[in-house]
Every structure is written in structure tokens, then in C-alpha cells.
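1. sequence first, then the predicted structure:
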Amino acid sequence: MRLFFLISAMLVAMAPGIVPDAMAADMAAVTSPDGRIRVEVAIGDGRTLFYSVSRDGQPIIEPSRLGLEIKDLPDMADGFTIDKASTASKAETWHPVWGEESAIYNNYRELRLSLSQKKLAPERKIAVVFRVFDDGIGFRYEFPRQAKLGDFTITDELTEFAFTGRHTTWSLPVEGIRFYEGLFRKLPIDSVGWASTPVTIRTDSGLHMALHEANLTDYAAMNVKATPGSNTLRAALTPWSTGDKVYVTDVRVTPWRTLIIADNAGDMMLSRLMLNLNEPCALTDTSWIKPQRYIGVWWAYHMKKNTWEDGPAHGATTENVKRHIDFAACNNFNGVLVEGWNPDWRTWDFSYTQSYPDFDLPELARYAKSKGVSLIGHHETGGRIRNYEEQMEQGMALYEQNGMHFVKTGYVGDLLDDRERHSSQFGVRHYRKVIEAAARHRLAIDNHEPVIPTGLQRTFPNLMTQEGVRGQEWNAWCPEGGNPPEHTVTLPFTRGLAGPMDYTPAIFDFRNETFPQTRPNTTLAKQLALFVILYSPLQMAADMIESYQENPGPFQFLCDCPTDWDKTVYPEAEIGEYVTVARKQKDGDTWYIGSATGASARCAEIKLDFLDPDARYMATIYRDGPDADYLDNPYPVLIERREVTADNTLAIPQGRSGGAAIKIAKIA
Ligand code: NOJ
């Protein structure tokens, strides 16, 4: 009787032509559009809720608990009844304002379970929604407002991910790492401890997965905790200083918990599931959001040649910034970042409306514009949120009045306002406020010390890039000697899955007078390759302009390489070992390749079968010179030109931590 009721209720709710894959009183299932991935949800003992995932009939996630613990109210953990199961589907192509592709296919089947906890009087209703794509799944909880459920506090999320074996993982620990600036650890799944997501997972049979979240809005970031002796990861949200996890008020849905499932590392990189689980663009006019290459009054600070604060070595002087604008204009760079323009870098008690006396903001903005260059502003907050929020509107208005469209924001400070973690709901709320305010002032953001990205750039394309990565600056001052060779060939498959990274590649001069034991642990050719590999629509050539003037040959690659793409493919990919990515320029026929290796020398074998089979191309190859090696011979770069077609395979020898950057242009 009950089963009959459920099935008829469901048929009424279904879109025409969509039939749920399975349905009974206490279970429901849905499969991906290609039929390979199947999610089942079932009621277990005590009427607890479980989901499981399989692919081609093989389990991927064993039955795993769903639910939440609530403060001062009964938990949303058991006593569930499935009132209704409805399905829906979508197949659409959308076009991001910028990205790794110009067209993204969003194709999923959805299962919505309306649940009630009938033992409560009146009964309480929530929903769990699954979306199943050909390349993975997403699910979230929904909390419709009702008599017994107004605002409430989540003290714990019980969501589990019970993997099927002791898989290999790559992750960052939550504790002991500031702002996600750490080295990814390769560990068996039961040893990850308390880790932030993305967690990248490889099974013994070579399946690649990534566990993360999408559309983090008014919630705490999802970290995970391993259970020693088991292969289950459990959600472990970043708490407020009170210990509470989330105050649910107006936003009545959680972020999507996401799992990419792919046959190999390269396919995992092409999943756009996280973006598809974010809302469409919320901005009506995006004409001012322009992906670009930039240089900056920046590396000289980290190399202790200039100072942020005023004084004899002040970096942000009108004269020095004009020199950078001239260099950018001459070399086809579109932006110049200026840090250290506003007082007070001695006390870190910042004004966002006053300039140091030797920095003329209106004149520089005017000068930059006259040269076709954008001046990229900087708001370091030191994590002092109250101070920033009090001045944010005026600070952004100042940039807007001067025709500027970019601001780099920074939050150096262990706790926001000395209390709350960056990835707490407090931090998430603040960062969202900044994105929305910036959009009103027509400003695009490069957010340093952020909460981990979750694909919000689909909705707010003015959120262009973020740090949240152990970037190049660690090669300037890290006491242990800079980022190791495997770091940059691990990042695309880990942090890179969360979204664009402001790693700031392309250092050409590895000398370091202040910390002589610390420098980029790469060859120069690999620095060029990273410009393509580490995706960011705002991509910095981070070195001082003198280093580029001394190396005009390799520098030409940076002057040519775009930062917005029509298409991306991965001819070679092995986490932590090597990666080759090929990207086709948006609105053009030219391809750019970045290829890099980790600690071992190797010969990249790059099949060019992604090229137009009917065309001839000229490849300009910037690769490691003979005997190049990151430790004792990092600088030699060979520049070669070769005619190629789609039938060719390029064999490119690379020294230890070496690489190659290649431009492949159609011959008219
Ligand atoms: C740390 C940022 O990552 C870096 O880019 C910036 O220069 C300093 N903070 C100062 O804001």
C-alpha cells in the first residue's frame, strides 16, 4: 500500500519521460545520463539514512551515513521516512565569462528525496538532493522553513564517504597549515587525519577521484576526518570560535558535497562538475571582466630589495610604478599590480582611501589607462575584518572612480579579527560580502589567504583567482629551501581542482641574497611551463622586470601566452610525477602547451592529435637545454621552431624538475 502510494506520488512529480531507476518505500536510486554511475539511498536501522555509489556495477562508496546534529533540537540523524522521491534531469551547454573552456556541458540526472522525521511533533521535513553526472556526483541537504524549523545551529555534519579500499590519497592537513599553504601529503586513506578538501584519491585499479564541495554559501568549509582502521572519511566542518559549526538562517541549503570519478588523472582534470553545481552568472554586465597577464611591483618586496612601507626603498612610488606600466605596455602585458601604496605597512593598521605621499593614484590610473594597461590595486587586511568592512565601500569606490577594475585582497593573520578561522562560516560570509561589493564597484578579485574555492566564479566571474596555495613566494623566504620539484606537478591534481590559483609563476632569476638556500626548485623552462599548467585567468609573470629584460628569448613566450581558453586537453598526466596540458586560445587557432616533470628527468611524448587534422602548424618550443637540471644547471633554455601536424608526436627531453612551453600556431 505504502509502496504504491510512493510510486504514484513520484510519477506525478516526475518530468515527462524520466523514470526513476528504482524506488521502494525505503530506498530510491538514480543513474548518470550514460548509465554508468548509480547512487542508491536507503533507510537503515533506526531509520537512519544511507547512500552508496557504484560505477559499472562496482561499488565506489559503500553505504554511508547522511545526517546532521543540531543544537537544542532533535538531531536530523534518524527516524526518517521517505515521503516522496522525484527525479529531474538537465542537459545544457553554458558559456563561462572566462575559463579553461569556452563551452561547458552540464548534464545530470537528479533525485530529490523529501524526508520527514515523523516521531517529532509536528513532524520535521528536510530534503536530500543528488545530482549524478557522467563524471561524478554531488548532493546536498535542504532545510525548508517550517513551524518546527526556523533558524537553527548545526553542531556537526554526519555525512560519510565510505570508500571501498585503502586507496592512495593526496591532501592537506587542517592543523599546522596556514591558508592552505602546504605540501600535499600522499597517504593511504585511513591516515589522512583531519584534512581539508579537495582530497584526491587513486584506487589500485587506477580510478581517480576527488572529494570536495561546490557553492560554499553561508556555511562552513567541509574538511574531512579519517577513521583510523577504516576507509571512511567523515565531514568535519570548520567551527566558529564558539565550537558551533553553522548558524542556518536565510540560506536553507548546504553546499554540494562532490565526488569526481574518472578513469585517469587527465580525465579527472576535465571534470567541470563543481562549476555545474554552482548557480549561473548573477552579473548582468561582465564586459569589464578581462582575463589577463600581469606583472607587479611585488617580487622585489619578497626578495627584500624594496619595501611595502614608505622610506628610501619604497616600492610603490609613482616613478617605479610608471616604469612597470611602460614595461607592461611594451611587452603586451595588460596589468600591473601595486602593493605597498597605502598606509600603514608598519603597523598593519590600514587605510584603503589614503596613499603614501610618493604614490599618486589618480595620475597612475590615468597613465596606465593611456597605455592600455590596468592598474591592479591591493587591499591587505591583515585579517582585520572589522577595519576592512568599515572602509571597504570607500576603498572600492576609490578604485572605481579611477577606472580600475582589479583588486588583490589579502588576509595575512592566523584568525580573522583574532577569533575566527578563514574557512569558518564567519570567513565564508565575509568573503562573499567582498565579492558582491566588488561586483557593484566593477572590480575583479584576486583573493589571497582565502577560504578554499568551490566554483563560485560561475556565479560571480569577478572572483577571478585565489591563492590558498603554497605559491612561488615560498621560494623567496621558506626556511626549508623552497617548494620541492614534485609540488608543482601535484598542485594541478589537488588544489587546482578547486579552481584558479594565483601561484605566480615565471621567476627567471633564482639568486636569493637574503635566503641563499631558498629558490625555485625548477629549471627556467619549467617556470615557463607553469604559466600554462597552473591555470589562472589572471596570470602573473612574477619576477622583476630586469630578469625579463636579461632573458628576452624565453620572455617572449610569456608575452604571447593568453590566459583565457577555448579548450583544454591533458596528453600526459601522473599525479606528482609529470603533467602535460594543451590549451587552445579563445577566439583563435593557436595552442599553448605546458609540460613539466617532478623530481625525475624524463622525455615527454606529446601526441598532437588534438590539433586540426587538416592544418599545418608552426611549433615554437622553449625547452630545457642540454644537461639542464634544477639543482646545478637550471637556466639553459633551447628555443626551436618546427613544422608539425596532428599526426606528430613531440618528444621533449626534460631535466630533473624541468619542462617545456610550446606555442603551436596555424600556418595560414
Ligand atoms: C601574502 C601574499 O600572498 C603576498 O602575495 C603579499 O605580497 C603579502 N601577503 C602582503 O600582502
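-> Looks like it came in fine.

2. shaky segments in the chain?
-> Low-confidence segments of the chain (pLDDT under 70): 1-24.

3. okay, helices next: where are they in it?
-> 2-13, 265-269, 273-276, 299-302, 318-330, 361-370, 385-401, 425-440, 474-477, 524-533, 545-549, 552-560 (DSSP state H).

4. please identify the most buried of the ones you listed.
-> helix 524-533 (a mean of 29; mean count of other Cβ atoms under 10 Å). C-betas here are computed from N, CA, C, even on glycine.

5. that one versus helix 552-560: what angle between them?
-> Here helix 524-533 runs at an angle of 0 degrees relative to helix 552-560 (axes from the mean of the first three to the mean of the last three Cα atoms, to 10 degrees).

6. now helix 524-533: how far from the chain's centre is it?
-> Distance, stretch centre to chain centre, for helix 524-533: 19 Å (Cα atoms, centre = their mean, to the nearest Å).

7. same thing with stretch 659-668?
-> Distance of stretch 659-668 from its chain centroid, counting by Cα atoms, centre = their mean, is 27 Å.

8. that stretch: which residues count as buried?
-> Of the residues in stretch 659-668, G659, A660, A661, I662, K663, I664, A665 count as buried by neighbour count, 16 or more other Cβ atoms under 10 Å.

9. do you know how far P485 is from the ligand?
-> Distance, P485 to the ligand, using Cβ to the nearest ligand atom, to the nearest Å: 22 Å.

10. contact partners for the closest residue to that residue other than its chain neighbours?
-> Nearest residue to P485, sequence neighbours excluded (Cβ to Cβ, 6 or more residues apart in numbering): S657, at 3.5 Å. S657 sits next to P485, N521, T522, T523, K526, A596, T597, G598, A599, D629, Y630 when contact means Cβ atoms under 8 Å, 6 or more residues apart in numbering.

11. among the residues you listed, which are in strands?
-> Per DSSP state E, strands hold the following members of the contacts of S657: A596, T597.

12. filter the contacts of S657 down to the buried ones, ChimeraX style.
-> In ChimeraX syntax, the buried subset of these is picked out as below (16+ other Cβ under 10 Å):
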select :485,521,522,523,526,596,597,598,629,630
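
13. buried sites along stretch 625-633?
-> For stretch 625-633, by 16+ other Cβ under 10 Å, it's G625, A628, D629, Y630, N633.

14. distance to M27 added to the contacts of S657, as a markdown table?
-> Output for these, formatted as a markdown table (distance: Cβ to Cβ, whole Å):
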| residue | distance to M27 |
| --- | --- |
| P485 | 49 |
| N521 | 52 |
| T522 | 52 |
| T523 | 56 |
| K526 | 51 |
| A596 | 47 |
| T597 | 48 |
| G598 | 45 |
| A599 | 48 |
| D629 | 58 |
| Y630 | 55 |
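
15. test my guess that A300 contacts G315.
-> Yes: counting by Cβ atoms under 8 Å, G315 is a contact partner of A300 at 5.9 Å.

16. can stretch 497-504 be found next to the ligand?
-> No: Stretch 497-504 stays clear of the ligand (Cβ under 6 Å from any ligand atom), getting no nearer than 7.3 Å.

17. isn't A573 up against G266?
-> Yes: contact status for A573 versus G266: in contact at 4.1 Å, counting by Cβ under 8 Å.

18. residues contacting I70?
-> By Cβ under 8 Å, 6+ apart, the neighbours of I70 are M76, F152, T153, I154, T155.

19. circling back: I'd like to know which of the helices of the chain lies nearest to the ligand.
-> Closest to the ligand of the helices of the chain, according to Cβ to the nearest ligand atom: helix 299-302, at 6.2 Å.

20. which elements pack onto that closest one?
-> helix 474-477 (3 or more Cβ pairs under 8 Å, 6 or more residues apart in numbering; DSSP states H and E).

21. quick one: list the elements packing against the helix it packs on.
-> Helix 474-477 packs on helix 299-302, going by 3+ Cβ pairs under 8 Å, 6+ apart.

22. quick check, central residue of this protein?
-> G499 (1.9 Å; Cα atoms, centre = their mean).

23. nearest spatial neighbour of it, skipping sequence neighbours?
-> Looking at G499 with Cβ to Cβ, 6+ apart, the closest residue is P453, at 3.5 Å.

24. number of nearby residues for the one you found?
-> 25 (other Cβ atoms under 10 Å).

25. same check, this time on S114
-> 19.

26. residues contacting it?
-> Contacts for S114 (Cβ under 8 Å, 6+ apart) come out as I82, D83, K84, A85, S86, K125, A127.

27. on that earlier part again, how about the contacts of I70, which pair is most distant?
-> M76 and T153 (12.1 Å; Cβ to Cβ).

28. closest to the ligand out of the contacts of S114?
-> Nearest member of those to the ligand, counting by Cβ to the nearest ligand atom, is A127, at 40.1 Å.

29. OK, contacts around the nearest residue to the closest one once chain neighbours are set aside?
-> The shortest distance from A127 to any non-neighbouring residue, by Cβ to Cβ, 6+ apart, is to E142 (4.2 Å). Counting by Cβ under 8 Å, 6+ apart, E142 makes contact with I126, A127, V128, V129, R252, V253, T254.

30. distance of E142 relative to D72?
-> Remark: distance between E142 and D72 (Cβ to Cβ, to the nearest Å) = 21 Å.

31. for M76 and T153, indicate the residue with more neighbours.
-> When M76 and T153 are compared on other Cβ under 10 Å, the one with more neighbours turns out to be M76, at 24 against 16.

32. what residues does this protein put near the ligand?
-> E339, E380, G410, V412, H448, E467, E473.

33. what subset of those is buried?
-> Here, 16+ other Cβ under 10 Å leaves E339, E380, G410, H448, E467, E473 buried among those.

34. can you tell me which of those lies nearest to A195?
-> The shortest approach to A195 among those belongs to E467, at 18.9 Å (Cβ to Cβ).

35. quick one: contacts for the closest one?
-> So E467 contacts F179, E181, D446, N447, H448, E449, P450, M501, D502 (Cβ under 8 Å, 6+ apart).

36. try 6 Å
-> Residues in contact with E467 (Cβ atoms under 6 Å, 6 or more residues apart in numbering) are H448, D502.

37. quick check, the residue in the stretch 501-650 of the chain closest to the ligand?
-> T504 (7.3 Å).

38. which one is that residue nearest to, not counting chain neighbours?
-> Spatial nearest neighbour of T504, chain neighbours left out: A542 (3.9 Å); criterion: Cβ to Cβ, 6+ apart.

39. the residue nearest to I137 when sequence neighbours are not counted - how many residues pack around it?
-> Leaving aside its sequence neighbours, I137 sits nearest to L259 (Cβ to Cβ, 6+ apart; 5.4 Å). L259 has 23 neighbours, counted by other Cβ under 10 Å.

40. over to the one 5 residues further on?
-> If you count neighbours by other Cβ under 10 Å, N264 ends up with 14.

41. and if you look at L216?
-> 25.

42. list the contacts for it?
-> P255, V428, T454.

43. out of the contacts of E142, which is most surrounded?
-> Top of the contacts of E142 by neighbour count (other Cβ under 10 Å): T254, with 29 neighbours.

44. for that residue, give me its contacts.
-> Residues in contact with T254 (Cβ under 6 Å, 6+ apart) are R140, Y141, Y219.

45. same thing but at 8 Å, please
-> R140, Y141, E142, E157, Y219.

46. equivalent analysis for P33, please.
-> P33 makes contacts with S89, A91, N107, Y108, R109, F133, D134, as judged by Cβ under 8 Å, 6+ apart.

47. where's it relative to F133, distance?
-> For P33 relative to F133 (Cβ to Cβ), the value is 7 Å.

48. measure R293 to the ligand for me?
-> 17 Å.

49. separation between that residue and A476?
-> 21 Å.

50. repeat that for E40.
-> Taking Cβ to Cβ, one finds E40 at 51 Å from A476.
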